[in-house]
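Chemist: Here is my input; please provide its structure:
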Amino acid sequence: MTETSPPNQDIDPFIEIGRKLFAGEADFIWAANSLKNLPPMSKVEIAFGGRSNVGKSSLVNALTGRNTLARTSHTPGRTQQLNFFTINDRFHLVDMPGYGYAAVEKQKVEAWTQLIHDYLRGRASLARVYVLIDARHGIKPVDEAVLETLGTAAVSYQIVLTKADELKPGELDKRMADTLQKIEKRAAAFPEILATSSRSGLGIPELRAGVARLLSERGAG
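Modeler: Purely as a prediction, here's the structure:
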C-alpha cells in the first residue's frame, strides 16, 4: 500500500492529518449485540456498514494499517455484533454487522439487520456512516433500505465503493457516476462517491482525510 505523496498534501492538508490519525493507537473496546449493551456515548462515533460480503473488515484493517483489527473471513457474515474501536483516542470506529446475505440462520441475519437499523436511528454520538458498496455491483435493494433508515434518522452518510481495483477505469467512472445519480436526491447523503481498494490502497488516504476533516468540523480531539 502506498502512502500519500507530497503533492497530494498540498491539495488537501487533511491527507497528512488523516495519515497521522490512523497511525496512532487502535484498540478494541466494546462489543454489543443489542441496544441494551451499547457503550456510553463518550466520543464521536463513525460507523462502517455494508452487505456481508462487501469487504468491510478488510477496509477497516487497511485504514488502520493493521491486518487483524477487524475480523476478516472468506465466509460472509462473520461480524455478528457492533464492534467499537478507539482510534488514537480521538473517536470511536464502529464496525457494524454485515447486512443481507450471510451463511448463517435466517433468524440471526434478521436480528443483526434489526440491530443495525435501531443503532442508526437512535445514536446521538453517531457523526457519520460510511456505507460500503461493492463497486462491481452498485447499490442493491438491501442497501436502499439502509439508506432510507439513515435518511429518516437524518444521519450523515457517504457511499464508499469497495473492490474498485477489480473494475477497469472506464467502468469505475461509470459506476461512480451511476451511484452519485442514485443518491443525489437523498438529503443525508454526502454528495461525493469515494472509490477504494483494500488490496491496492486506492482511496485509503482520501478516506482517512475525510474522517480527519469530519472530526475537525465536529471539534473532536
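Chemist: For the chain, give me the ranges with low pLDDT.
Modeler: 1-10, 70-79, 101-105, 108-109, 220-221 (pLDDT under 70).
Chemist: how about the helices of it, start to end?
Modeler: Using DSSP state H, the helices of the chain run over residues 6-11, 14-23, 56-64, 106-122, 141-153, 169-183, 204-218.
Chemist: Out of those helices, which is the most enclosed?
Modeler: helix 56-64 (a mean of 23; mean count of other CB atoms under 10 Å). Placement of C-beta: from N, CA and C, glycine included.
Chemist: Just the angle for that helix relative to helix 14-23, thanks.
Modeler: 110 degrees (axes from the mean of the first three to the mean of the last three CA atoms, to 10 degrees).
Chemist: for helix 56-64, packing partners?
Modeler: strand 45-50, strand 91-95, strand 157-162, helix 204-218 (3 or more CB pairs under 8 Å, 6 or more residues apart in numbering; DSSP states H and E).
Chemist: Switch the ones you listed over to CSV; also include distance to residue 17.
Modeler: Shown next, in CSV, are the helices and strands packed on helix 56-64 (distance: least, CB to CB, whole Å):
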stretch, distance to residue 17
strand 45-50, 15
strand 91-95, 13
strand 157-162, 18
helix 204-218, 4
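Chemist: how about the ones you listed, which one is nearest residue 34?
Modeler: strand 91-95 (14.6 Å; CB to CB).
Chemist: what's the angle between that closest one and helix 204-218?
Modeler: Using the same axes, to 10 degrees: strand 91-95 against helix 204-218 is 130 degrees.
Chemist: Who does strand 91-95 pair with, and is each partner parallel or antiparallel?
Modeler: strand 45-50 (parallel), strand 82-87 (antiparallel) (DSSP bridges).
Chemist: most packed of those?
Modeler: strand 45-50 (a mean of 24).
Chemist: Just the residues contacting that one, thanks.
Modeler: 56, 59-60, 84, 91-96, 98-99, 116, 119-120, 123, 125-134, 143, 146, 162, 211, 214 (CB atoms under 8 Å, 6 or more residues apart in numbering).
Chemist: can you pull up the bridge partners for residue 94?
Modeler: Those that pair with residue 94 in a beta bridge, by DSSP bridges, are residue 47, residue 84.
Chemist: does residue 34 really touch residue 116, like I thought?
Modeler: No - Residue 34 is beyond contact range of residue 116, at 11.8 Å (criterion: CB atoms under 8 Å).
Chemist: I'd like the distance between residue 124 and residue 42.
Modeler: For residue 124, the distance to residue 42 (CB to CB, to the nearest Å) stands at 12 Å.
Chemist: Now do the same contact list for the residue lying closest to residue 33 once chain neighbours are set aside.
Modeler: In space, and not counting its chain neighbours, residue 33 is closest to residue 81: 4.3 Å by CB to CB, 6 or more residues apart in numbering. Neighbour list for residue 81: 31-33, 97, 112, 115 [criterion: CB under 8 Å, 6+ apart].
Chemist: what do you get for residue 68?
Modeler: Neighbours of residue 68 in contact, by CB under 8 Å, 6+ apart: residue 61.
Chemist: picking up where we left off before, mind putting the helices of the chain into TSV with distance to residue 46?
Modeler: Conversion of the helices of the chain to TSV gives the following (distance: least, CB to CB, whole Å):
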stretch	distance to residue 46
helix 6-11	22
helix 14-23	11
helix 56-64	10
helix 106-122	13
helix 141-153	13
helix 169-183	19
helix 204-218	6
